[in-house]
Structures are given as structure tokens and as C-alpha cells.
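K.L.:
Attaching a predicted model along with its sequence, questions to come.
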Amino acid sequence: PPSSPAQARWQACADFVLLREGGEVNHPLDRGGHTNRGITRDTLAHWRGRLVTAEELSALTREEALEIYQSEYWGKAHCPELPAGVDLCVFDTAVLRGPSAAIAMLQQAAGLSGRAVDGDYGPTTAAAVAACAPAALVGALCDAREAFHRQRTVDEPSQAVFLNGWLNRVKALRPKALAMAAGR
């Protein structure tokens, strides 16, 4: 069992993402390429500090995937500093789009604009997040994710094959994150 509230939140968020990322995928139209548990070959190579084979990616364990998620996405997207529920939205977005893009989406959802939307989490972002109700941020983040996915299929029609999956993921994300924001 988790040893602290912070560990429990991390575990709940990691469980959500792992369930949605599933196992090994190598769809020819997926811009991420060959993935396992949502981890790309490039990400695994960066993590291990060397080139990796397709076979090594295929053999990625749940434990190593969680280590990568915690270090490269959860931590880099500043999820431990975010309110419950908001952390899940930002983490899930970071896994899909990268920590900087997830933070930029958070900044916009928190009402920042212009140069303040820079993908870096600092005092201005922290203050904007603190000024928002967590449930409102969850709603804004989920709405932004849906809009992003829909626009992506307009900009890149080859990605339309993934739209229903992306939208279903946000559909699952919203109630889970709202429940977390409400303390459930």
C-alpha cells in the first residue's frame, strides 16, 4: 500500500495512465513509433543512456516504465506541486505530448496568456494554478485536450484514425480527475 498521501496520488495517476497506455503498440501511423506501456524507443534509450533495440523495448517491465513515468513526466511536469485531479490531467498530457506542452496547456487553462505560456512551471504558473478551483482547471484541461485532438486531425488527417481513442481517453480522464479534485 502507498506510504503517504503523495505516494497514493502518484500511484492513482500512474495506474490510470498505465491502463490507458496498455502494452506494446507499433501502429504505422503513430508518430511516436513503436511503444511499450506508452514509452517510445527514444525515451527508453534516453533513460538508459544508450541505444536500445526493438526487443529491449518489447521487454520493458512495468516497474521500469513507472520509474520513467515518475522521473521524466510526473516530476518534470511538476505534478507533485499540483492539486489532486489537476496532477492527473497534467501527467496524462505529459505522457502524450511531453512535459513542456502539458505545462503550457495548464498555463492556458489557468488563464495565463502571451509570454506567460512558455511551458515552464515557475512562480507565475504556481500562482495562477493556486487562484483556480481544481475542478475548474480539470474541466478546462479536458476541454483543451479534446480541442487539441480534434484540431490535430484537421492539421494532420493521417492522425484521424486515433481520434476516437484520444477522445475516449479524455472521457475516462475527466470523471477520474474530478473525483480526485473532490477528494474522492
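P.N.:
Sure, I can see it.

K.L.:
CA atoms for contacts and neighbours, from now on please.
P.N.:
Fine.

K.L.:
Which residues does the lengthiest helix in the chain contact?
P.N.:
When the chain is scanned for its longest helix (criterion: DSSP state H), the result is helix 134-155. Helix 134-155 is contacted from outside by 83-86, 89-90, 93, 105-106, 109-110, 129, 159-160, 163, 166-167, 170, 173-174, 177-178, 181-182, using C-alpha atoms under 8 Å, 6 or more residues apart in numbering.

K.L.:
Tell me which stretches of the protein form helices.
P.N.:
Counting by DSSP H, the helices of the chain are 5-21, 41-48, 54-58, 62-68, 86-97, 99-109, 123-130, 134-155, 163-181.

K.L.:
quick one: which of those is nearest R31?
P.N.:
helix 86-97 (10.9 Å; C-alpha to C-alpha).

K.L.:
what helices or strands is the closest one leaning on?
P.N.:
Contacts defined by 3 or more C-alpha pairs under 8 Å, 6 or more residues apart in numbering; DSSP states H and E place helix 86-97 against helix 5-21, helix 99-109, helix 134-155, helix 163-181.

K.L.:
still on that earlier bit, redo the helices of the chain as JSON lines? Include mean neighbour count and distance to V117.
P.N.:
Below are the helices of the chain laid out as JSON lines (neighbours: other C-alpha atoms under 10 Å; distance: least, C-alpha to C-alpha, whole Å):
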{"stretch": "helix 5-21", "mean neighbour count": "17", "distance to V117": "25"}
{"stretch": "helix 41-48", "mean neighbour count": "16", "distance to V117": "25"}
{"stretch": "helix 54-58", "mean neighbour count": "14", "distance to V117": "34"}
{"stretch": "helix 62-68", "mean neighbour count": "15", "distance to V117": "26"}
{"stretch": "helix 86-97", "mean neighbour count": "24", "distance to V117": "15"}
{"stretch": "helix 99-109", "mean neighbour count": "23", "distance to V117": "5"}
{"stretch": "helix 123-130", "mean neighbour count": "15", "distance to V117": "9"}
{"stretch": "helix 134-155", "mean neighbour count": "18", "distance to V117": "14"}
{"stretch": "helix 163-181", "mean neighbour count": "17", "distance to V117": "22"}
